[in-house]
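Engineer: Quick one, fold the following:
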Amino acid sequence: MSIPPSALVSTETPAPAEPNPASNNADPTVLPTSTDANATTIDPSMVGQPVPIPKKAGNKGNFHGERRAFLESWQDHVSEYHSSGAKHKRGSGKSIYDKCMPAYWARFPPGLPLELDPPVNPAGLAQYRTPPTEATALAA
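Structural biologist: Predicted coordinates for the structure are as follows:
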């Protein structure tokens, strides 16, 4: 016994959703939560900004935007440290990495995804200080 194809596929097209006058599609900082005056507004300087990733073939790399600029700013210091022949153990306070890594983690906390630049407002970094622990946040 076979099932006719018309029973498997709905031929009705869904009605278009009516526009919500309270939503503001032009401004991504306004959340369309309800039609009342209590709509939540997010300060854009408090959230991470998307990083433009170059369109190219092959490996795109992990560091773009401000992260890449930060690492490139340390390139001369690290190169000079290694070419000087002075080798110090990390944690001794004399290694270049004892200066570079704390500065990196202060500017780019572990909870800040690689595809986001840090917020403009330094107070916005507080939400990224700890890495996400929920399974849904880790999957995103």
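Engineer: can you pull out the helices in the protein?
Structural biologist: 5-8, 65-83, 97-107, 135-139 (DSSP state H).
Engineer: will you turn the ones you listed into TSV that also has mean pLDDT, distance to residue 90 and mean neighbour count?
Structural biologist: C-betas here are computed from N, CA, C, even on glycine. Output for these, formatted as TSV (pLDDT from 0 to 100; distance: least, CB to CB, whole Å; neighbours: other CB atoms under 10 Å):
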stretch	mean pLDDT	distance to residue 90	mean neighbour count
helix 5-8	48	63	7
helix 65-83	91	12	13
helix 97-107	91	5	13
helix 135-139	58	28	8
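Engineer: Next, format the ones you listed as TSV and append distance to residue 43.
Structural biologist: Putting these into TSV (distance: least, CB to CB, whole Å) gives the following:
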stretch	distance to residue 43
helix 5-8	49
helix 65-83	19
helix 97-107	20
helix 135-139	21
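Engineer: what about this protein, any weak spots by pLDDT?
Structural biologist: 1-40, 42, 131-140 (pLDDT under 70).
Engineer: okay, now residue 48: neighbour count?
Structural biologist: Residue 48: 19 surrounding residues under other CB atoms under 10 Å.
Engineer: number of nearby residues for the nearest residue to it once chain neighbours are set aside?
Structural biologist: Once flanking residues are discounted, residue 48 sits nearest to residue 116: 3.2 Å by CB to CB, 6 or more residues apart in numbering. A count of neighbours around residue 116, defined by other CB under 10 Å, yields 17.
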